[in-house]
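Peer 1: give me the fold of what follows.
(chains A and B)
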Amino acid sequence: AQSVTQLGSHVSVSEGALVLLRCNYSSSVPPYLFWYVQYPNQGLQLLLKYTTGATLVKGINGFEAEFKKSETSFHLTKPSAHMSDAAEYFCAVSGWRDDKIIFGKGTRLHILP
Amino acid sequence: DAGVIQSPRHEVTEMGQEVTLRCKPISGHDYLFWYRQTMMRGLELLIYFNNNVPIDDSGMPEDRFSAKMPNASFSTLKIQPSEPRDSAVYFCASTDHREGEQYFGPGTRLTVT
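Peer 2: Numbering: from 1, shown residues only, chains lettered A, B, ... in the order given. Got it, this is the predicted structure:
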């Protein structure tokens, strides 16, 4: 079985500052890991995903995440926040050959001017 | 491709009325998922289909909810009779089993008064 924990339901950062959104997962099999973003009144959009191979994954809009098996983490980072990054971010996990994706509860990112 | 298409985008109805939400998945995708999102409960998986066959409906809250997928390009989620606590945003998502990530539609915002 898989589960996801996102630390912090709300995170605020200043424009230009580092963005760090934390995600820890639990999986009984090698995981597939995802970060999705949801802008107001829109559906979820894939930011990036890890399946196998390189543990540092680059996504859209300058975001990246690193798969750390020893820490069971998949934290999302961006070096410099932009106002347009304000949204809700969801970490998600599935097992290899699983049909379903298990989503975390989401972290709302606020960007301060 | 136009992505996952959902209709209507907004639905306002009175308690007791029947509500039908519609979804057209991305062409060629073999999985379709229905989710519900609320502030209190977050994103919940209601039911999913593989090759038009329902695989897991354990997330359907009660018998008032039903879903069908008569063909590969169309699915419906029906609530009958609707209740105020059904008010939420309902998302449809689809995926190709080889990709892993799910593609979400824009959602239907349902308000039951």
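Peer 1: count the residues that sit near residue 102.
Peer 2: Picked chain A for this. For A:Ile102, the count of nearby residues is 20 (other CB atoms under 10 Å in any protein chain shown). Bear in mind the C-beta positions are built from the backbone N, C-alpha and C, glycine included.
Peer 1: wait, I meant chain B there
Peer 2: As a burial measure, B:Gln102 scores 28 neighbours (other CB under 10 Å).
Peer 1: with adjacent residues omitted, what lies nearest to it?
Peer 2: Closest residue to B:Gln102 apart from its sequence neighbours, by CB to CB, 6 or more residues apart in numbering or on different chains: B:Ala93 at 4.1 Å.
Peer 1: beta partners of that neighbour?
Peer 2: When bridges are called by DSSP bridges, B:Ala93 pairs up with B:Phe33, B:Phe104.
Peer 1: residues in contact with it?
Peer 2: Contact partners of B:Ala93, counting by CB atoms under 8 Å, 6 or more residues apart in numbering or on different chains, are A:Gly43, A:Leu44, B:Val4, B:Leu32, B:Phe33, B:Tyr35, B:Gln102, B:Tyr103, B:Phe104, B:Gly105.
Peer 1: contact residues of chain B facing chain A?
Peer 2: B:4, B:31, B:33, B:42-43, B:45, B:48, B:50, B:55-56, B:91, B:93, B:97, B:100-107, B:109 (CB under 8 Å from any CB of the partner chain).
Peer 1: tell me which of those residues fall in strands.
Peer 2: Cross-referencing the residues of chain B next to chain A against strands under DSSP state E gives B:31, B:33, B:42-43, B:45, B:48, B:50, B:55-56, B:91, B:93, B:103-104, B:109.
Peer 1: buried ones among the residues you listed?
Peer 2: Among these, those buried by neighbour count (16 or more other CB atoms under 10 Å in any protein chain shown) are B:Tyr31, B:Phe33, B:Leu43, B:Leu45, B:Tyr48, B:Phe91, B:Ala93, B:Tyr103, B:Phe104, B:Arg109.
Peer 1: state the distance from the most far-flung residue of chain B relative to its centre to chain A.
Peer 2: The centre of chain B is farthest from one residue, B:Arg98, which by CA atoms, centre = their mean lies 21.9 Å away. Separation of B:Arg98 from chain A (CB to the nearest CB, to the nearest Å): 11 Å.
Peer 1: tell me the spacing between that residue and A:Leu109.
Peer 2: Going from B:Arg98 to A:Leu109 by CB to CB, to the nearest Å gives 31 Å.
Peer 1: check A:Leu20 too.
Peer 2: 10 Å.
Peer 1: mutual contacts of those two, please.
Peer 2: Common neighbours of A:Leu20 and A:Leu109, counting by CB under 8 Å, 6+ apart, are A:Val11.
Peer 1: which single residue in chain A comes nearest to chain B?
Peer 2: For chain A, the residue closest to chain B is A:Gly43, as judged by CB to the nearest CB, at 3.5 Å.
Peer 1: ok, the residue nearest the centre of chain B - contacts?
Peer 2: Centrality entry for chain B: nearest residue to the mean C-alpha point is B:Trp34, 3.4 Å, by CA atoms, centre = their mean. Shown in contact with B:Trp34 (CB under 8 Å, 6+ apart): B:Cys23, B:Leu45, B:Leu46, B:Ile47, B:Tyr48, B:Ala67, B:Ser75, B:Leu77, B:Tyr90, B:Phe91, B:Cys92.
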